[in-house]
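Participant: fold the stuff below for me.
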Amino acid sequence: MKVNKIIAVKLLLSLVIMIGFTSCSKKSDSKGGSKATGWKINDKKGGFQYASKFKKQATGPGLVMVEGGTFTMGKVQDDVMHDWNNTPNQQHVMSFYMDETEVTNMMYMEYLNWLKTVFPPDQENYKNIYEGASPDTLVWRNRLGYNETMTNNYLRHPAYAEYPVVGVNWIQATEFAIWRTDRVNEKILEEQRFLKKDAKVTDVSADKVFSTEAYLASPSTAMGGDTNIVLQKGQKGGKAPKAAAGSTNTAGNSPKNVYAQRTSGLILPEYRLPTEAEWEYAAAADVGQREYNAYKGQKKYPWSGTYTRSGKRQVRGDQLANFKQGKGDYGGIAGWSDDGADITNKVKSYPPNDFGLYDMAGNVAEWVADVYRPIVDDEANDFNYYRGNVYMKNKIGEDGKVELVTAETQKFDTLSNGKIVSRNMPGQIAQVPVDDKETYLRQNFDKSDNRNFRDGDKQSTRYFKFGSSEEGDEKGKLRDDQRMYDSPKHNVSTDSLGNMIKKYDKSSKRTTLVNDDVRVYKGGSWRDRAYWLDPAQRRYFPQDIATDYIGFRCAMSRVGPKADKKKRPRN
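Facilitator: Have a look, this model is predicted:
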């Protein structure tokens, strides 16, 4: 009997202790306590700061959500060109955001106006920045055609404001995306009072340029280290602002006297060019095809059906895209059977696809991020496929701090046509290739430049030694017999006076134009026949050359869940 009482007392004590731990756990959870340590999160007195009220990533200006999934990449029904560069392979793409339309002339003119204001072209240090970013308006000229109207007016005249920008090469498109990232995040931080109100207009100058990555790395030194512009939460006695209209990633629960960080959930990922897999997946838009099996890959256009004209009663016979219908036929007969355009057309002139994206076929073809190779190596990777990774890291100075680009350290490239473009801007973080500290004993990558990985040439092998064994070879340089696909070896540079030095490879032994500086472009254009409207078609062009039929649109990665769906009930 006495033993039973002792056992009963022990059980009662155990139960009390368990209840105490449970209530303590609930108490810590209910008041923002850590599930790991029980310490309070976002304590005003200090400690770990985190945006615990974060809901989801806000949709950036101009973007629409593209829910990721599996699709058959390269599903081309016809291969009349016999390229054999788009054989079907199954890929999975993560969810991302993409521009609803192509980047327009007005959007690009805003970029040019900002560059001209911040980096005046009449100053010696900045004379090549504005000119290097300006589209090549001479792409419209034709030896046997009168196109001076477009040469003089297409970019700047308000009649073409909502038309897709052309004459922009791949390098210029990527630089535009970097600029756009910084301007969007600059506005977000201003709205949340981490930056001085209207500083982006009144205080903007070459030595106070906002850079997203520079701000994240060292907020106190961003924008020239001006503490009157770069603020901390609660500075100037201001209260935390309410969420902006439509915003879902506020930092209203952030404590005072801190800068915005990635943990704030405020700053959006970078705008960038979409990968080839992302672009093709978004263009095909299999999401809306219930009668179509996405795994088989039989869809020919971004819309349903195998014809380029609408079958709907109200608009039956209308063209669904802007493309060349035949020899000398860029729009059809006036007033009848017309696609509404002779050159490019105003964005949103044709119906969107099932993702809500406009002009994913026709109007202008579009640059994507990938370096071109005749094969898509799905054996190496079938998840978020992309060829073109060049891994870089922030440059750290002797004082242990990141180095920012200045007017004196800014780098310029001379393109193959002699045009000088800027490859970084004052205020950005200087970048250097990753080295052994990042690559040693890693299994997923072992060098900075991975554009040639598994593309079939000799130097793609992991332990290939570059041409430094023979007498006269400079270490790290490839000999002619080691050049990938035997591509030409042109070289253009400028001397100290700015005169162009041209070294053109005239060798008759060159057999291809494929190299590390050619990029994929997708989708048909106003100059192309219907054959090229297939989302799976792929072509390539030198990254530093522009045309009158290639434009671009931006994409942005999605962080967090694949889709904004309600949680499924558990059984």
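Participant: from Trp367, how far out is the residue nearest the centre of the chain?
Facilitator: Note on the chain: the residue nearest the mean C-alpha position is Arg272, at 1.4 Å, using C-alpha atoms, centre = their mean. Arg272 sits 11 Å away from Trp367, going by C-beta to C-beta, to the nearest Å. In short, each C-beta sits where N, CA and C put it, glycine included.
Participant: ditto for Ala282
Facilitator: Remark: distance between Ala282 and Trp367 (C-beta to C-beta) = 14 Å.
Participant: with Gly551 instead?
Facilitator: Counting by C-beta to C-beta, the gap from Gly551 to Trp367 is 8 Å.
Participant: who has more neighbours, those two?
Facilitator: Set Gly551 next to Trp367 and count neighbours by other C-beta atoms under 10 Å: Gly551 wins out with 32 against 27.
Participant: tell me the bridge partners for that one.
Facilitator: Counting by DSSP bridges, Gly551 is bridged to Glu366.
Participant: show the pLDDT at it.
Facilitator: pLDDT for Gly551: 98.
Participant: residues contacting it?
Facilitator: For Gly551, the contacting residues are Glu102, Val103, Pro164, Val165, Val166, Val168, Asn363, Val364, Ala365, Glu366, Trp367, by C-beta atoms under 8 Å, 6 or more residues apart in numbering.
Participant: hang on, Ala334 is in a helix, isn't it?
Facilitator: No: with DSSP: H, G, I helix; E, B strand; the rest coil as the criterion, Ala334 is coil rather than part of a helix.
Participant: check contacts around it.
Facilitator: Not one residue lies near Ala334 by C-beta under 8 Å, 6+ apart.
Participant: and Asp203, what does it touch?
Facilitator: Here Asp203 is in contact with Lys196, Asp226, Ile229 (C-beta under 8 Å, 6+ apart).
Participant: typed the wrong thing, it's Gly305
Facilitator: The contact partners of Gly305, by C-beta under 8 Å, 6+ apart, come to Gly311.
Participant: distance of the nearest residue in space to Thr306 that is not next to it in sequence relative to Asp286?
Facilitator: With C-beta to C-beta, 6 or more residues apart in numbering as the criterion, Thr306 has its nearest non-adjacent residue at 5.3 Å, and that residue is Lys300. As judged by C-beta to C-beta, Lys300 and Asp286 stand 12 Å apart.
Participant: likewise for Gly33?
Facilitator: Taken as C-beta to C-beta, the span from Gly33 to Asp286 is 45 Å.
Participant: also Ile375?
Facilitator: Applying C-beta to C-beta, the value for Ile375 to Asp286 is 23 Å.
Participant: between these two, which is the more surrounded one?
Facilitator: Asp286 (19 against 16).
Participant: tell me the pLDDT at the more buried one?
Facilitator: pLDDT recorded at Asp286 is 86.
Participant: now the one 4 residues further on
Facilitator: If you check Arg290, the pLDDT there is 55.
Participant: cool, Gly238 as well?
Facilitator: Confidence at Gly238, expressed as pLDDT, is 38.
Participant: and for Leu138, the neighbour number?
Facilitator: Leu138 has 11 neighbouring residues, counting by other C-beta under 10 Å.
Participant: let me fix that, I meant to ask about Tyr154.
Facilitator: Tyr154, neighbours per other C-beta under 10 Å, totals 23.
Participant: thought it was touching Glu148?
Facilitator: No: assessed by C-beta atoms under 8 Å, Tyr154 is found out of contact with Glu148, at 10.5 Å.
Participant: shared neighbours, those two?
Facilitator: Shared contacts of Tyr154 and Glu148 (C-beta under 8 Å, 6+ apart): Trp140.
Participant: in stretch 433-445, what counts as buried?
Facilitator: Across stretch 433-445, burial judged by 16 or more other C-beta atoms under 10 Å covers Val434.
Participant: oh, I was asking about stretch 388-399
Facilitator: By 16+ other C-beta under 10 Å, the buried positions in stretch 388-399 come out as Gly388, Asn394.
Participant: again with stretch 206-222
Facilitator: In terms of neighbour count (16+ other C-beta under 10 Å), stretch 206-222 has its buried residues at 206, 208-219, 222.
Participant: closest one to Arg183 out of those residues, please.
Facilitator: Arg183 has its nearest neighbour among those in Phe210, at 8.0 Å by C-beta to C-beta.
Participant: next, the contact list for the closest one, please.
Facilitator: By C-beta under 8 Å, 6+ apart, the neighbours of Phe210 are Asp182, Asn185, Glu186, Leu195, Lys200, Ala222, Met223, Gly427.
Participant: quick check, pLDDT for it.
Facilitator: pLDDT at Phe210 comes out at 93.
Participant: Gly20 too?
Facilitator: 52.
Participant: cool, and Ser14?
Facilitator: 60.
Participant: picking that back up, tell me which two in the buried residues of stretch 206-222 are the farthest apart.
Facilitator: Greatest spacing in those, by C-beta to C-beta: Ala206 and Leu216 (21.0 Å).
Participant: which ones among the contacts of Gly551 map onto helices?
Facilitator: Counting by DSSP state H, no part of these is found in helices.
Participant: confidence-wise, which helix or strand of the protein is lowest on average?
Facilitator: When each helix and strand of the chain is scored by mean pLDDT, DSSP states H and E, helix 2-30 comes last, with a mean of 54.
Participant: quick one: average pLDDT of stretch 167-181?
Facilitator: The pLDDT scores in stretch 167-181 average 97.
Participant: contacts for the helix or strand encompassing Thr72?
Facilitator: Using DSSP states H and E, Thr72 sits within strand 69-73. With contact meaning C-beta under 8 Å, 6+ apart, strand 69-73 is reached by 88-93, 277, 280-281, 284, 286-287, 294-297, 376, 378, 385, 536.
Participant: what residue ranges in the stretch 201-350 of the chain score low on pLDDT?
Facilitator: 234-257, 288-298, 314-315, 317, 335-337 (pLDDT under 70).
Participant: ok, which stretches of it are strands?
Facilitator: Along the stretch 201-350 of the chain, counting by DSSP state E, counting those that start in this stretch, strands occupy 271-272.
Participant: just the helices from it, written as ranges.
Facilitator: Applying DSSP state H, counting those that start in this stretch to the stretch 201-350 of the chain gives helices spanning 212-217, 276-284.
Participant: compare those helices and give me the one nearest Arg143.
Facilitator: helix 276-284 (32.6 Å).
Participant: tell me the angle that closest one makes with strand 69-73.
Facilitator: Put simply, helix 276-284 runs at 100 degrees to strand 69-73, going by axes from the mean of the first three to the mean of the last three C-alpha atoms, to 10 degrees.
Participant: in helix 276-284, what's buried?
Facilitator: Residues Glu276, Ala277, Glu278, Trp279, Glu280, Tyr281, Ala282, Ala283, Ala284 are the ones in helix 276-284 that count as buried (16+ other C-beta under 10 Å).
Participant: list the contacts of the third one.
Facilitator: Think Glu278. Per C-beta under 8 Å, 6+ apart, neighbours of Glu278: Val66, Val93, Phe96, Met98, Val368, Ala555.
Participant: equivalent analysis for the first one, please.
Facilitator: Taking C-beta under 8 Å, 6+ apart as the contact definition, Glu276 lies against Val368, Ala369, Asp370, Val376, Tyr385, Tyr386, Val520, Lys522, Arg538.
Participant: do the same with the last one
Facilitator: Contacts for Ala284 were tallied using C-beta under 8 Å, 6+ apart; they are Phe71, Lys299, Pro302, Pro535, Ala536.
Participant: one more: the fourth one?
Facilitator: With contact taken as C-beta under 8 Å, 6+ apart, Trp279 is in contact with Glu366, Val368, Lys522, Gly523, Pro535, Ala555.
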